[in-house]
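Enquirer: Output the structure for:
(chains A and B)
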Amino acid sequence: MKTLKDVKAGETAVIKELHTDGAVRYRMMDMGINKGTEVLVKGTSPLGDPVEISLKGYDIFLRRSDMKKIEVE
Amino acid sequence: MGIKIALVGNGGSGKSTLFNALTGSNQSLKKWHDVTLDRKIGRLKRHKSARIVELPDIYSLSPNTMEEVIAREYLIDEEPDVILNVVDGTNLEKSLYLTTQLLELGMPVVVAVNMKDIVEKNGDQINIKELSRKLGCYVTEVCAVKRKGIADTTDMLIEAAQSTRRVLPQHHFSVEVERALTEISLLALKTVNPNRKKFYALKLFERDKKITKKADITERTKDLIDKEVKRAEEKLGLDAVSILNKERYEYISSVVRTCYKKNEEKKKTSFTEKADKIALNRWAAIPVFLFIMFLIYAVTFTAGIFLKNFIDTVIMSDSWNFLGMEDMTVPGIAQFFRSWFSDMGSPAWLPSLVVDGGLKSISVVLGFLPTVIIMYILLGYVESSGYLKRIAVIFDVIFKKAGMSGVAVIPFIMGAGDNIMGTLSCDLIKSDRDKKMSVITSSFMPDVAKLPFISMMAAASGNPVPFALELPDYRKPRWKDVFMTARERCGGFFKKAGLIIFLSSMALWAGSKFGITDGTFGFNADMQFSESILYQIFESFSVVFAPLGFGVPKASAAVFMGIFGKENIALIMTESDFKALAPLGAFCFMVFNLLCMPSISAIGAVRKEMNNMKWTLLTFAYQCGFAYAVSLAIYQFGSVFTGALQGENAVYHIIGVIISFGLLFFMGLMIFMPYKDSKTLIYTFPKKKRK
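Expert: Purely as a prediction, here's the structure:
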């Protein structure tokens, strides 16, 4: 399974599935992270985690541990 | 009755700034039941009869955080006349997600598109008229920081609140969903206010537990609804929540496409981008942060301590020289009162009450104030410049393990200078859960005691949401806003911490100046401490400390007096008193005092940040309990080796050892238990009387 964590900086991916539940899942969706959303991985923060990604015209930082649960294609 | 407005928006949308702009100085602070969050209430500057309440940062009406639970409950229960929704104009697509949900509530909504200046600077265009038509609600453009568009917003709010037009959300869901929603309305929502039907139907569709409970429907109806939902889910191949989310975002995309024109020309890199190249650079980030924090730390503590000493001198000293000039000797306020009272020939207790009691207590509280004010101004500046969010990003990786926000690094640093300032700087942390954790860690508690407490807290504070942080553009803060926030925070310190510090200082005065001398009760300005009533009260607790090996009156009194200042312990327990305790007992006395000696000021600071007496007392009780358990274990195990088991009190020691084993096991369990968050969000809105 390829996840968002495996996407290199500068590359884009389309979200296939969210392997999360509860509050984590719902908050991701609120942020626009849902099936079919296109995301661009921009780069990491100074200490390596969280990672900056770009979607729906805005940038957001996500933790690697959460990105691992987002399946992409 | 006046108009009731609810101010709602995402974090970073400029909600608080807009609140300040709309209300000016007509604001007051209340709090939400049982959480650290403040509830700001104000009156519109341009329409005094309209009340406005600022709700916490929210992203959705399907609540994931305590903040969202509170905001949603407020909107449903209080039914404001109009909702003012602040929207970040530079991030329209995501911000409108909340807007669509607010519109589903069927209440009048005014959307204030904020950050007008940045949108224009970027060369982007937002068609406000078209946006208003598409959304089916009032839309206005503002720039809260520069106080632009405030009058228009006020007028629009009043108009919207007084309008009798029915509010209908303009967006529709897919055929399958709409069909299910109609069915649900017919099945369960016959008696619901027609304006709210859409909202309740959507929540039942999402299987929202709280709303389902509130709707009070029979099991049979529930099954029928479930069938409808499942049918839609099967047809669309997604779960109910995902369906609604996706369709709302699709609708928003269509709105944004027609109303928003992005400047596609390659513009030169913005200041924010340039600044972040340094502030978020792999090598430069930490040095830049340390430099900024060093400045804040140095200014806060040097200036703070200087002013504290100055206040002390002015109030309590016999005399001081104005501006250091030899011939300008001014009597201290204390001395002034003393000589005034003696001229008046007043009884001995009066000057003591005013000077040793009142003035002394006031000077303790005032002594903190300069440091607190300077710290809040400087940190407030960092906060509104946008750099604080960068700090959260940089340090997240370190603090997430303890379930805390990266901003918690600031209380850590300020706490190194003064515990109390560390606790007070937790004000920068917005989320209730993170804030509670940081208050505990920054508090007076010794590190060994914090670990088990944090894991207990984590289990009780609800679940964390995933870290998803946006960085706002850097801004030059408006001093007026910085001062307003600082004033509010200092006021909180005065009211919540100051009161505790003042009252306990007064109690200390009364308890130590009254007592029994030669068999008669009375006042004596130079009362021996061992004759005061305070001593009598404290020593009666000595039996409590017997299992710890220092159950003697003096040691007991020293422990309690330590709360008013560490130096008191040494004043009461002289060397010979120490020697009178067995070596093991003396050691336990020291351990206990080391682990458990929150000062009154520290308790006051925790009270301010927790915003809640229950949590404050819990923190305090926990710390004392921890210190007690550790000292008990040391004394009881130690006694075994010093041969206590052969003595006449052997039975007590055996019981003590068993209890100690139990306590140690429990603490070990708390420390080594894997960090786990609870799955449920518990928040009960206090029942309010209906007007």
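
Enquirer: got the buried residues for the top helix by length along chain B?
Expert: Secondary structure of chain B per DSSP state H: the longest helix is helix B:285-316. Across helix B:285-316, burial judged by 16 or more other C-beta atoms under 10 Å in any protein chain shown covers B:285, B:288-289, B:293, B:296-297, B:300-301, B:304, B:307-308, B:311-316. Every residue, glycine included, has its C-beta placed from N, CA and C.

Enquirer: Those also near chain A: which ones?
Expert: B:A285 (C-beta under 8 Å from any C-beta of the partner chain).

Enquirer: got the contact list for stretch B:285-301?
Expert: Stretch B:285-301 is contacted by residues A:46-47, B:278-279, B:371, B:374-375, B:378-379, B:382, B:387, B:391, B:394, B:410, B:413-414, B:417-418, B:421 when judged by C-beta atoms under 8 Å, 6 or more residues apart in numbering or on different chains.

Enquirer: how many neighbours does residue 53 have?
Expert: Just so you know, I chose chain A. Counted by other C-beta atoms under 10 Å in any protein chain shown, the residues lying close to A:I53 total 24.

Enquirer: Chain B was what I was after
Expert: 19.

Enquirer: hang on, isn't it packed against B:K40?
Expert: Yes. With contact defined as C-beta atoms under 8 Å, B:V53 and B:K40 form a contacting pair (7.2 Å).

Enquirer: Look at residue 48 and tell me its secondary structure.
Expert: Unless you meant another one, I'm taking chain A. Of the three states, A:G48 takes coil under DSSP: H, G, I helix; E, B strand; the rest coil.

Enquirer: I was after chain B.
Expert: Here B:K48 is recorded as strand under three-state DSSP.

Enquirer: list the contacts for it?
Expert: B:N26.

Enquirer: which residues sit in contact with residue 7?
Expert: Since no chain was named, I'll use chain A. A:A13, A:V39, A:V41, A:V72.

Enquirer: nope, chain B
Expert: Contact analysis of B:L7 by C-beta under 8 Å, 6+ apart lists B:K15, B:L18, B:F19, B:I52, B:V53, B:E54, B:L55, B:L84, B:V86.

Enquirer: next one: phi and psi at the third one?
Expert: I take that to be B:F19. Dihedral pair for B:F19: phi -60, psi -50, per degrees, to the nearest 10.

Enquirer: How about it, nearest residue that isn't a chain neighbour?
Expert: Ranked by C-beta to C-beta, 6 or more residues apart in numbering or on different chains and with sequence neighbours excluded, the top spatial neighbour of B:F19 is B:E54, at 4.8 Å.

Enquirer: Give me the neighbour count for that neighbour.
Expert: 25.

Enquirer: The longest helix that chain A contains and chain B, are they touching?
Expert: Ranked by residue count, the top helix of chain A under DSSP H comes out as helix A:22-30. Yes. Interface with chain B: helix A:22-30 contributes A:G22, A:A23, A:V24, A:R25, A:Y26, A:R27, A:M28, A:M29, A:D30 (C-beta under 8 Å from any C-beta).

Enquirer: can you pull the buried residues of the helix or strand just after that helix?
Expert: Of the helices and strands lying after helix A:22-30 in sequence (DSSP states H and E), the nearest is strand A:38-44. Buried residues in strand A:38-44, counted by 16+ other C-beta under 10 Å: A:V39, A:V41, A:T44.

Enquirer: Show residues contacting strand A:38-44.
Expert: Residues from elsewhere that reach strand A:38-44, judged by C-beta under 8 Å, 6+ apart: A:4, A:7-15, A:33, A:50-55, A:59, A:72.

Enquirer: Look up phi and psi at A:V14.
Expert: phi -110, psi 130.

Enquirer: who touches it in this structure?
Expert: A:G36, A:T37, A:E38, A:V39, A:V72, A:E73.

Enquirer: Skipping its backbone neighbours, what lies nearest B:T642 in space?
Expert: In space, B:T642 is closest to B:L584, 6.3 Å off (C-beta to C-beta, 6+ apart).

Enquirer: Chain A contacts on chain B?
Expert: Near chain A, when you scan chain B using C-beta under 8 Å from any C-beta, you find B:59-60, B:62, B:64-65, B:91-94, B:97, B:238, B:241-242, B:245-246, B:249, B:262, B:280-282, B:285-286, B:393-398, B:400, B:463-471, B:679, B:681.

Enquirer: List only buried entries from those residues.
Expert: For these, a burial check counting by 16+ other C-beta under 10 Å picks out B:59-60, B:62, B:64-65, B:91-94, B:97, B:238, B:241-242, B:245-246, B:249, B:280, B:285, B:393-397, B:400, B:463-471, B:681.

Enquirer: what's B:G551 in contact with, if anything?
Expert: By C-beta under 8 Å, 6+ apart, the neighbours of B:G551 are B:S542, B:V543, B:V544, B:F545.

Enquirer: between the residues you listed, which has the most around it?
Expert: That'd be B:F545 among the contacts of B:G551, by other C-beta under 10 Å, with 22 neighbours.

Enquirer: residues in contact with that one?
Expert: B:G551, B:A555, B:S556, B:V559, B:F592.

Enquirer: Among those residues, which ones are in helices?
Expert: B:A555, B:S556, B:V559, B:F592.

Enquirer: how far away is the residue lying closest to the first one once chain neighbours are set aside from chain A?
Expert: Going back to what we said before, that points to B:A555. Leaving aside its sequence neighbours, B:A555 sits nearest to B:F589 (C-beta to C-beta, 6+ apart; 5.6 Å). Separation of B:F589 from chain A (C-beta to the nearest C-beta, to the nearest Å): 43 Å.

Enquirer: B:F589 reaches B:G549, doesn't it?
Expert: Yes. Between B:F589 and B:G549 there is a contact under C-beta under 8 Å: 7.5 Å.

Enquirer: Give me the common contacts of the two.
Expert: Shared contacts of B:F589 and B:G549, counting by C-beta under 8 Å, 6+ apart, come down to B:L581.

Enquirer: Backbone dihedrals for B:K203, please?
Expert: phi -70, psi -40.

Enquirer: ignore the last one, B:I374
Expert: The phi/psi pair for B:I374 (degrees, to the nearest 10) reads phi -60, psi -40.

Enquirer: what's the closest non-adjacent residue to it?
Expert: B:T300 (5.0 Å).

Enquirer: what's the spacing between that neighbour and B:A497?
Expert: 17 Å (C-beta to C-beta, to the nearest Å).

Enquirer: Next, the contact list for residue 4, please.
Expert: If you meant another chain, say so; for now it's chain A. Counted by C-beta under 8 Å, 6+ apart, A:L4 has contacts A:A13, A:I15, A:V39, A:V41, A:I53, A:L62, A:M67, A:K68, A:I70, A:E71, A:V72.

Enquirer: that's the other chain; I wanted chain B
Expert: By C-beta under 8 Å, 6+ apart, the contact list for B:K4 reads B:A50, B:R51, B:V53, B:E78, B:P80, B:D81, B:V82, B:A161.

Enquirer: in the lowest-mean-pLDDT helix or strand in chain A, what's buried?
Expert: Least confident helix or strand, chain A: helix A:22-30 with a mean of 85, by mean pLDDT, DSSP states H and E. Buried residues in helix A:22-30, counted by 16+ other C-beta under 10 Å: A:A23, A:V24, A:R25, A:Y26, A:R27, A:M28, A:M29, A:D30.

Enquirer: try stretch B:350-369
Expert: Quick answer for stretch B:350-369 (16+ other C-beta under 10 Å): B:351-369.
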